[in-house]
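# dropping a prediction and its sequence here:
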Amino acid sequence: MDYTYIIISAVIFVVLFLFSGIRIVRPTQKGLIERLGKYQKLANPGFHWIIPVIDRLFYVNVTEQMVDAEPQEIITNDNLNATVDAQVYFRVKSDEESVKGSAYDVNNYQQQIVSLARTTLRNIIGTLTLKSANSERGKINSELHETLHKETKSWGIEIIRTEL
């Protein structure tokens, strides 16, 4: 019996198995390696090898990102409607705890930031008159930034700036 085909097939299988575990983490990302569903370690930019089928690599973008809190009608303190939207610029901090927090402590942090920004704007502008809301945009912006920064800190997110 000729074992050549069996040996060649086994070698090809082993080589393909080894190559299927190669992962590349780009310089703009960090990676979270999970083994059997449990966090194992942080993967910094570069080449990494994971055990196929057992390990999984999740990528987290650590560059500055922007989300748009779509325009919304807010009733001011003097019962007039104000249409307000905001852009929030943020990034996931690149230390291990922050990357883990952005992946495990909050579900879809981008959508959560949008929801938090919309709610915060309603709370802030609801206490102002339309005239004061127009004249105090800087104050509203800084209050929005401060609130978002405080709330997202535990998620491993840094709010860079907000714009109304």
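Structure's in. What do you need? Numbering: from 1, shown residues only.

# tell me how far stretch 44-51 lies from the chain's centre.
21 Å (C-alpha atoms, centre = their mean, to the nearest Å).

# span of that stretch from start to end?
Start and end residues of stretch 44-51 are separated by 17 Å (C-alpha to C-alpha, to the nearest Å).

# in that stretch, what's buried?
Neighbour-count burial for stretch 44-51 flags His48, Ile50 (criterion: 16 or more other C-beta atoms under 10 Å). (Glycine included, C-beta is placed from N, CA and C.)

# now swap in stretch 92-99 and tell me
Buried residues in stretch 92-99, counted by 16+ other C-beta under 10 Å: Val92, Lys93, Ser94, Ser98, Val99.

# was I right about the last one contacting Gly156?
Yes - the pair Val99 and Gly156 qualifies as a contact (C-beta atoms under 8 Å) at a distance of 6.3 Å.

# which neighbours do the two share?
Contact criterion C-beta atoms under 8 Å, 6 or more residues apart in numbering; residues bridging Val99 and Gly156 by contacting each: Val92, Lys93.

# and the contacts of the helix or strand of the chain with the lowest mean pLDDT?
Lowest by mean pLDDT, DSSP states H and E among the helices and strands of the chain is helix 130-135, with a mean of 81. Contacts to helix 130-135, defined as C-beta under 8 Å, 6+ apart, come from residues Thr76, Asp78, Leu80, Ala82, Ile125, Ile140.
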